[in-house]
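**Q** Here you go, sequence then predicted model.
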Amino acid sequence: MKDSLSQDLVAHIASLARIDLNDGELLHFTEHLEKILDHAGQLETLDLDSVEPMSHPYPLTNVLRDDVTGPTIEPHDVMNQAPDASDNQFRVPPILGESS
């Protein structure tokens, strides 16, 4: 990064994000953010013309198991275990001021 990152700019960004920073935190994050931006700037200078685009640096294979049906729980058994059920549905407390 050519220009030094100012604490005023970091304070402005923090205020946009609704983050309150004290003077020590502001100094800390200014230094660290500047290092991150410098590193990103170094990455931009790399010659990647001969590098083929990829989604992942290592070859991946599907490690999921086969989808095999197995024993299940009967719906009436589940409803019998629920703390509050009515008409084959779970009852939960109202939210956001809704009435039951």
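**A** Now that the structure is in, tell me what you want to look at. Numbers count the residues shown, from 1 in each chain.

**Q** centre of the chain versus stretch 54-65, how much separation?
**A** 21 Å (Cα atoms, centre = their mean, to the nearest Å).

**Q** Can you name the residues in contact with the helix or strand Ser15 falls within?
**A** Ser15 belongs to helix 7-16 when assigned by DSSP states H and E. Helix 7-16 is contacted by residues 20-21, 26-27, 29-30, 33 when judged by Cβ atoms under 8 Å, 6 or more residues apart in numbering. In this view, the C-beta of every residue, glycine as well, is placed from N, C-alpha and C.

**Q** The same query, at a cut-off of 6 Å, please.
**A** Contact with helix 7-16 is made by 21, 26, 29-30, as judged by Cβ atoms under 6 Å, 6 or more residues apart in numbering.

**Q** Narrow those residues to just the buried residues.
**A** 21, 29-30 (16 or more other Cβ atoms under 10 Å).

**Q** what about the helices in the protein?
**A** Taking DSSP state H as the criterion, the chain carries its helices at 7-16, 23-44, 75-81.

**Q** Tabulate these in a markdown table, adding columns for mean pLDDT.
**A** Compiled in a markdown table, the helices of the chain are given as follows (pLDDT from 0 to 100):
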| stretch | mean pLDDT |
| --- | --- |
| helix 7-16 | 95 |
| helix 23-44 | 94 |
| helix 75-81 | 92 |
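
**Q** can you redo those as TSV with distance to Pro57?
**A** Output for the helices of the chain, formatted as TSV (distance: least, Cβ to Cβ, whole Å):
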stretch	distance to Pro57
helix 7-16	31
helix 23-44	15
helix 75-81	44
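
**Q** wait, which of those helices is closest to Arg91?
**A** Closest to Arg91 of the helices of the chain, according to Cβ to Cβ: helix 75-81, at 10.6 Å.
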